[in-house]
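S.K.: Return a 3D structure for these sequence lines:
(2 chains)
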Amino acid sequence: MGTVLELHGITKSFPGVLANDHINLSLEEGEIHALLGENGAGKTTLMNILYGLYKPDEGEILIRGEKVDIHGPNDAIARGIGMVHQHFMLVPVMTVTENVMLGVEPTRNGIFLDKAKVAKHIREISEQYGLEVDPDSYIGELPVGIQQRVEIIKVLYREANILILDEPTAVLTPQEVEGLFKILQTLIEKGKSIIFITHKLKEVMAVADRITVLRAGRTVGTVSPKEVNPEKLAAMMVGREVNLVVRKKPAQPKEAALEIKDLYVRDERKNMVVNGISFEVRKGEVLGIAGVQGNGQTELVYALTGLLPLESGEIRLLGRPVYHTSPRTIIERGVAHVPEDRLKHGLVLSFPLHDNLVLCNYYLPPFAKGISLQQTVIINNAEKLIKQFDVRTPNVYVNASTLSGGNQQKLIVAREFSRPIKLLIASQPTRGLDVGSIEYIHNRIIEKRDEGTAVLVVSSELDEIIALSDRIAVIYRGQIMEIVDAAKTSKEYLGLLMAGIQPSEAAKAAAKTKKETEVERVF
Amino acid sequence: MTEDKDKKDVKKTEKAVEKHGSPWVDNLLMPALAVFTGLVVGGIIVIISDDTAIEAWRHFFSAPGTALKASWDAVITAYSALFGGALGNPKTIIAGFQTYFSTGDTTALLKSIYPFTESLVLATPYIFAGLAVALGFRCGLFNIGAEGQFFMGALGSAYIGYSITGLPWFIHLPLALLGGAAAGAIWGAIPGYLKARFGAHEVVNTIMMNWIAFRLSDWLLTGPMKASGFRPVTPSVEATAELPRFFPDPLRFNWGFPLALLFAFLVYWFLFKTTLGFEIRAVGANPDAAKYSGMSVVRNFVLVMTLSGALAGLAGSAQVLGTDHWVGQGFSAGYGFDSIALALLGKSHPLGVVLAALLFGILRGGATNMQSVARIPIDLISVIQGMVIIFIAAPDIIRWLYRLRIGRTEQTVLTRGWGK
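M.R.: Next comes the predicted model:
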């Protein structure tokens, strides 16, 4: 075994930001090396340098001891570096074979595509690395976990020895994550080396041989998972002690604030994506909706907030029906909505912070008198809120686009939480945020619950759902699989429900997996 | 340690602000450089089309000085004719004032300020129509229909202006203006409604509305609205409907110009100081966020297209009631279309629009003089305007030419794709 890849003193600055500041990293043959850091710590920049997308200002890259200059992705691939992107680069209407050969199409007689040859090669790769996939199936019909396998096969087909996986678990169910980890083990056994980029501590602990932590563009250190625990890693990432567990008292649920009966909703392409959902959220409790992305949660929330019409069924909000009700009416009844996509719905990026903070109530006193906006009141309101919600910004006049993701999210939270609200709908409230901001937003949500607000949290992060919820509803293909008491359930069980396994079978399987996991740990 | 991170975050944001460029650079320096560069390119074209200069360039290697001098002379002659024709000759103006103060005779003074007032007269419809297009841009709508709305406004004002008689001016004039605004508003509201209700793209529909307006005006001018006589023109409007002129003939400078400035201020106040303007800007900058916050995107589309049409209609009104007093075929000199360019140059801000309109007025005002004195075709003006727009639309060219290392602010979204 030797060192396959070394990065020495890699430095890269963008106008106004030092993204990478003398970063060192070495990758041994046959190891899984985790690159851990908050958003904006410089992980992606570093990998883009390695993949030849950026040119470093300083520093050198050594592959098997030889200094190299990488001029672009093709160059990187030629040197055996392969990247599996967070967002898959696949064409849904093409087959697995066609996707794999895209860009390196082999031909017969120089004219005809030789798909058979590629398909054969794919089968060989599948067999060798335990990456089961049918070369003739269409990408669009495959589940996300399998699509990811295709991405890995694509990289292996190009004969990569060094695999970079950028946040590979973000889109997977817990079971699919397990599957991925098994594949990674096979890969390293066959001599491949892997760089695994993530900000999830538990995964790192489970799978990595070594962990390099980045913070604000600098290497904090390289450690082995044996020497550290999640708390210590979090502290390394954030630069201070972090409370990983949300501390909360037992819920004091009162009357229902939101009742949903047999709800059906179509998405914008007119597909029925919410198929008969019923549940209620009571004041003073947090109901979490767990589920893999794309199972109707987005449209469910849109229907609740007036952004999509209902197909059929009933929504009662604080005792009054919601039917063709405008978003404004729903907001005025006391609903706050932290939207899933903060850039699309949550903010007007080209507006200053003070305007973003009154986006929902600019037309009400004291922010407006008649049609005249009260600029001073709006600015004072902003000054107060950025202090109260710890939004880090030089002043309230800068545009929302200048804030980091975490601060943008805090800005939305500040706006939504500062109104008198009775129901809070938070969709993916901490997606893409760093540990520090997650901790902050979670505490604020629990605070709202304790004030007697009904809270609906939708998240594809199971850990987040478990941390926040008093009850958990698992959604699969637009239906609720089961609603469980958060205190009396396990991650394994929820994961199986998320994958569409019926509750009775899931309970058996969960018990079994639990034993297996224990055995593995002992081993 | 937390405090340390705080400071770092704040610094990061400050740097991001720097990177994003100050509004000053983006809103003033860039347009100014675009205009300057446009004039430089115009100058090069003057040189190329000047026989003396070209002849001198043939002998560049034997006499480089001659070539450069000939070029310089050609450009100076052209531009001094242009700006002299647009702004007047300072010496004559001073002399005019001196005569006025010593003898009380205004003839020389009026003659000397004629070119400048004429540029302002030309700028007046530009301001109105520019505001119309700029208002649309602010809401993410591309109103290409200003030209048609201009025609409708002109016809509406003309009709009220000549058909009603016997009213005092303080009723007749506002009524005529209102008629023009209403006609333009209807012409704008139709594509606005079609977009809101059926998702029909406003670009297509405003273009179609232009053609309807052109042909409709052809018919009206040769039929129902034709004055007695052979020419396809409307009768002159009653004196009570005219926007009063400040000076005796031939100076056409009238109340239309101050009225345009007043509307520029009103549009500014409306866009930036009222809840309605807040909504319009939010819809323009991010319609999804606007909808999420409870604003009605489609209602704003209709509102803005109606107001935009009314402003473009007022451009036509000001032209009829203040300057021409009647409408003839080919009545607009492309004001509606130029106003698109002008709104871009003015960064869709009312003040920018006023400045850009003054520039366009000056260029148009001096063009005739340039043609007669320097024998440069009027079309050079179109070339300069075209170049300015290219530089505004592709600011990277300017950044590259002047080695500006300042980042860009977010591009204003001018219009969106099909549907919705």
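S.K.: and the stretch 101-250 of chain A, which residues reach chain B?
M.R.: For the stretch 101-250 of chain A, the residues in contact with chain B (C-beta under 8 Å from any C-beta of the partner chain) are A:216, A:239-240. C-betas here are computed from N, CA, C, even on glycine.
S.K.: Buried ones only from these, please, as a PyMOL command.
M.R.: Only the buried entries of these go into this PyMOL selection, using 16 or more other C-beta atoms under 10 Å in any protein chain shown:
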select buried, chain A and resi 216+239
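S.K.: In a markdown table, list the residues of the stretch 101-250 of chain A next to chain B along with secondary structure.
M.R.: As requested, these are arranged in a markdown table below (DSSP: H, G, I helix; E, B strand; the rest coil):
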| residue | secondary structure |
| --- | --- |
| A:216 | coil |
| A:239 | coil |
| A:240 | coil |
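S.K.: Name the residues of the stretch 401-523 of chain A found near chain B, please.
M.R.: By C-beta under 8 Å from any C-beta, the residues of the stretch 401-523 of chain A that approach chain B are A:401-404, A:407.
S.K.: again, only using 7 Å
M.R.: A:401-404 (C-beta under 7 Å from any C-beta of the partner chain).
S.K.: quick revisit: and the residues of the stretch 101-250 of chain A next to chain B, which is closest to residue B:268?
M.R.: Residue B:268 has its nearest neighbour among these in residue A:216, at 42.3 Å by C-beta to C-beta.
S.K.: ok, and what's touching whichever strand or helix holds residue A:75?
M.R.: Using DSSP states H and E, residue A:75 maps to helix A:73-78. Defining contact as C-beta atoms under 7 Å, 6 or more residues apart in numbering or on different chains, one finds that helix A:73-78 is touched by A:51-53, A:70, A:158, A:160.
S.K.: Likewise for stretch A:488-497?
M.R.: By C-beta under 7 Å, 6+ apart, the residues outside stretch A:488-497 that reach it are A:173-175, A:290, A:462, A:466, A:472, A:474, A:476, A:481-482, A:503, A:506-507, A:509-510, A:513-514.
S.K.: What is the nearest of the residues of the stretch 401-523 of chain A next to chain B to chain B?
M.R.: Using C-beta to the nearest C-beta, residue A:402 comes nearest to chain B of those, at 4.1 Å.
S.K.: Give me the neighbour count for that closest one.
M.R.: Neighbour count of residue A:402, defined by other C-beta atoms under 10 Å in any protein chain shown: 22.
S.K.: pretty sure residue A:135 is touching residue A:97, no?
M.R.: Yes: counting by C-beta atoms under 7 Å, residue A:135 touches residue A:97, with 4.5 Å between them.
S.K.: Identify the contacts common to these two.
M.R.: Taking C-beta under 7 Å, 6+ apart as the criterion, residue A:135 and residue A:97 both touch A:119, A:122.
S.K.: and residue B:404, which of the three is it?
M.R.: What three-state DSSP gives for residue B:404 is coil.
S.K.: Now do it: how many residues are near it, please.
M.R.: Neighbours of residue B:404 (other C-beta under 10 Å): 17.
S.K.: Could you do residue B:44 as well?
M.R.: By the measure other C-beta under 10 Å, the count of residues near residue B:44 is 11.
S.K.: Can I take it that it is in a helix?
M.R.: Yes: assessed by three-state DSSP, residue B:44 belongs to a helix.
S.K.: quick one: it from residue B:38, how far?
M.R.: Distance of residue B:44 to residue B:38, computed by C-beta to C-beta, to the nearest Å: 11 Å.
S.K.: Format the contacts of helix A:73-78 as a markdown table; extra columns: neighbour count and pLDDT.
M.R.: Below are those laid out as a markdown table (neighbours: other C-beta atoms under 10 Å in any protein chain shown; pLDDT from 0 to 100):
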| residue | neighbour count | pLDDT |
| --- | --- | --- |
| A:51 | 20 | 88 |
| A:52 | 22 | 87 |
| A:53 | 15 | 84 |
| A:70 | 22 | 89 |
| A:158 | 17 | 89 |
| A:160 | 21 | 90 |
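S.K.: and which of these is nearest residue A:84?
M.R.: Nearest to residue A:84 among the contacts of helix A:73-78, with distances taken as C-beta to C-beta, is residue A:160, at 9.7 Å.
S.K.: would you say the closest one is within a strand?
M.R.: No: the assignment for residue A:160, made by three-state DSSP, is coil rather than a strand.
S.K.: ok, the closest residue in space to it that isn't next to it in sequence - how many residues close by?
M.R.: Spatial nearest neighbour of residue A:160, chain neighbours left out: residue A:82 (3.0 Å); criterion: C-beta to C-beta, 6 or more residues apart in numbering or on different chains. Under the neighbour criterion other C-beta under 10 Å, residue A:82 is assigned a count of 23.
S.K.: so residue A:82 sits in a helix?
M.R.: No: using three-state DSSP, the assignment for residue A:82 is strand, not a helix.
S.K.: State whether residue B:367 and residue B:381 are indeed in contact, as I suppose.
M.R.: Yes: shown here, residue B:367 and residue B:381 form a contact pair, counting by C-beta under 7 Å, at 4.7 Å.
S.K.: low-confidence ranges in the chain?
M.R.: Using chain A here. Low-confidence segments of chain A (pLDDT under 70): A:1, A:15-16, A:39-40, A:243-244, A:513-523.
S.K.: not what I meant, chain B
M.R.: Those would be B:1-25, B:405-420, if you go by pLDDT under 70 across chain B.
S.K.: max-length helix in it?
M.R.: As assigned by DSSP state H, the longest helix anywhere in chain B is helix B:107-138.
S.K.: That one and chain A, are they touching?
M.R.: No: counting by C-beta under 7 Å from any C-beta, chain A has no neighbours in helix B:107-138; the shortest distance is 11.2 Å.
S.K.: which parts of that helix are buried?
M.R.: Across helix B:107-138, burial judged by 16+ other C-beta under 10 Å covers B:108-110, B:112-138.
S.K.: for the residue nearest to residue A:486 when sequence neighbours are not counted, what are its contacts?
M.R.: Distances taken as C-beta to C-beta, 6+ apart place residue A:469 nearest to residue A:486, at 4.5 Å, with adjacent residues excluded. Going by C-beta under 7 Å, 6+ apart, residue A:469 touches A:286-288, A:457, A:486.
S.K.: now with 10 Å?
M.R.: Neighbouring residues of residue A:469 by C-beta atoms under 10 Å, 6 or more residues apart in numbering or on different chains: A:251, A:285-290, A:449, A:455-457, A:459, A:484-487, A:489.
S.K.: which residues of the stretch 251-400 of chain A fall in strands?
M.R.: A:256-266, A:272-282, A:286-290, A:312-317, A:320-321, A:335-338, A:368-369, A:372-373 (DSSP state E, counting those that start in this stretch).
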